[in-house]
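1. 3D model of this:
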Amino acid sequence: VRFVESGGGLVQPGGSLRLTCEASGFTRGYYSMGWFRQVPGKEREGVACISAASGDTYYPDSVVGRFTISRDRDTVTLQMNSLKAEDSAVYYCAAEQGRTDSTRVSFGFCLLDSWGQGTQVTVSS
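-> Numbering: from 1, shown residues only. Below you'll find the model as predicted:
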């Protein structure tokens with residue numbers, strides 16, 4: 001599976017960014033898609049998830065009301081508003097394929113097990 005992420009960059013506090021991920025190569029589908037982020041030296045943090053079947057979404061308290069995830073077939077988008085310095089991280093697009101042979105990122109109803117190379121988001125004045 002291939003994930004092509006785009007849209008990261010530098011933005012001032014209070015600003016917005018839109019991350020896009022085009023995924024391809026799925027051979028057995030997926031249960032959900034989502035985004036997680038990671039700062040060096042810290043654990044991965046899930047920030048948004050969307051169910052492939054129902055379209056239900058999940059956000060942790062840290063981003064609820066500011067981040068919005070959407071999906072169109074195998075393209076998933078993360079709209080990030082009111083960004084804060086603590087949102088700075090590498091953001092990874094990911095999918096839940098039901099794999100048991102990989103590390104997984106668990107949050108809400110998501111159990112992400114495949115992801116891309118990530119895109120850097122820096123929030124700074």
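2. can we go C-alpha only for contacts and neighbour counts from here?
-> OK.
3. please identify the buried residues of stretch 57-69?
-> Within stretch 57-69, the residues that qualify as buried are 57-59, 63, 67-69, counting by 16 or more other C-alpha atoms under 10 Å.
4. can you classify the residue minimising distance to the centre of the chain by secondary structure?
-> The residue lying closest to the centre of the chain (C-alpha atoms, centre = their mean) is residue 35, at 1.1 Å. Secondary structure state of residue 35, per DSSP: H, G, I helix; E, B strand; the rest coil, is strand.
5. within the helices and strands, which one has residue 46?
-> In this assignment (DSSP states H and E), residue 46 forms part of strand 45-51.
6. outside of that strand, which residues touch it?
-> Applying C-alpha atoms under 8 Å, 6 or more residues apart in numbering, the contact partners of strand 45-51 are 31-38, 56-60, 62-63, 67-71, 78, 105-110.
7. 7 Å instead, please
-> Residues external to strand 45-51 that are found in contact with it (C-alpha atoms under 7 Å, 6 or more residues apart in numbering): 31-38, 56-60, 63, 69, 105, 107, 110.
8. please apply the same query to stretch 108-124.
-> Residues contacting stretch 108-124 (C-alpha under 7 Å, 6+ apart): 2-6, 8-13, 32, 49, 58, 83-85, 87-97, 99, 102-106.
9. for stretch 58-66, same thing?
-> 47-50, 80-82, 108.
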